[in-house]
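Q: fold the following and give me the result.
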Amino acid sequence: DAAKPPADDTHGLWPLQQRALVLTALSSVARMLDAPQKSASSEPALLGRLRVAVQNRLGDPELTVASLAEEVGCTADYLSNLFSTSTGEHLSAYINRLRLERAAHLLRDSTLAGKEIAWACGFSSPSYFIRAFRAHYGQTPKSWRAARP
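A: This is a model prediction of the structure:
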């Protein structure tokens with residue numbers, strides 16, 4: 001049952017995680033609807049499917065290059081190579097960048113706690129989220145949020 005908290009929810013955080021995931025999904029939908037539509041792309045159709053799969057699973061901590069390759073029907077090496085050749089960015093770096101961009105958006109536009117944002121963006125732990133955020137933005141999520149008007 002999806003409404004039932006997992007057995008390892010010893011701190012009673014399941015309702016907060018559910019709320020964070022719903023807010024993240026709604027935020028992504030709104031952002032996608034507001035984004036200008038691109039004209040016909042020369043990008044391979046497989047990469048279009050990949051981008052959709054990444055967006056759909058961005059909050060999933062189990063999102064990996066291997067799981068994406070299985071989802072779109074190719075090997076992880078082929079997918080990584082195709083993505084890197086087509087975009088100039090490594091697929092794992094792309095996933096991490098999108099997670100961090102989503103986290104920055106939620107820090108700016110919501111009152112969710114840092115750990116809720118970490119979970120909603122697919123980070124395996126709040127401490128890893130803080131390290132990744134600091135490496136990307138040069139400051140902790142808390143400091144970054146406090147510096148925004």
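
Q: by mean pLDDT, point me to the weakest helix or strand of this protein.
A: Least confident helix or strand, the chain: helix 14-34 with a mean of 80, by mean pLDDT, DSSP states H and E.

Q: that one packs against which elements?
A: helix 91-109, helix 114-120 (3 or more Cβ pairs under 8 Å, 6 or more residues apart in numbering; DSSP states H and E). Yep, even glycine has a C-beta here, placed from its N, CA and C like the rest.

Q: now the last one: how far from the chain's centre is it?
A: Read that as helix 114-120. 11 Å (Cα atoms, centre = their mean, to the nearest Å).

Q: helices or strands up against that helix?
A: Helix 114-120 packs on helix 14-34, helix 91-109, helix 126-137, helix 141-146, going by 3+ Cβ pairs under 8 Å, 6+ apart.

Q: got JSON lines for these, with mean neighbour count too?
A: Shown next, in JSON lines, are the helices and strands packed on helix 114-120 (neighbours: other Cβ atoms under 10 Å):
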{"stretch": "helix 14-34", "mean neighbour count": "14"}
{"stretch": "helix 91-109", "mean neighbour count": "18"}
{"stretch": "helix 126-137", "mean neighbour count": "16"}
{"stretch": "helix 141-146", "mean neighbour count": "16"}
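
Q: how about those in a markdown table, adding distance to E116?
A: What follows is the helices and strands packed on helix 114-120, written out as a markdown table (distance: least, Cβ to Cβ, whole Å):
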| stretch | distance to E116 |
| --- | --- |
| helix 14-34 | 4 |
| helix 91-109 | 8 |
| helix 126-137 | 9 |
| helix 141-146 | 11 |
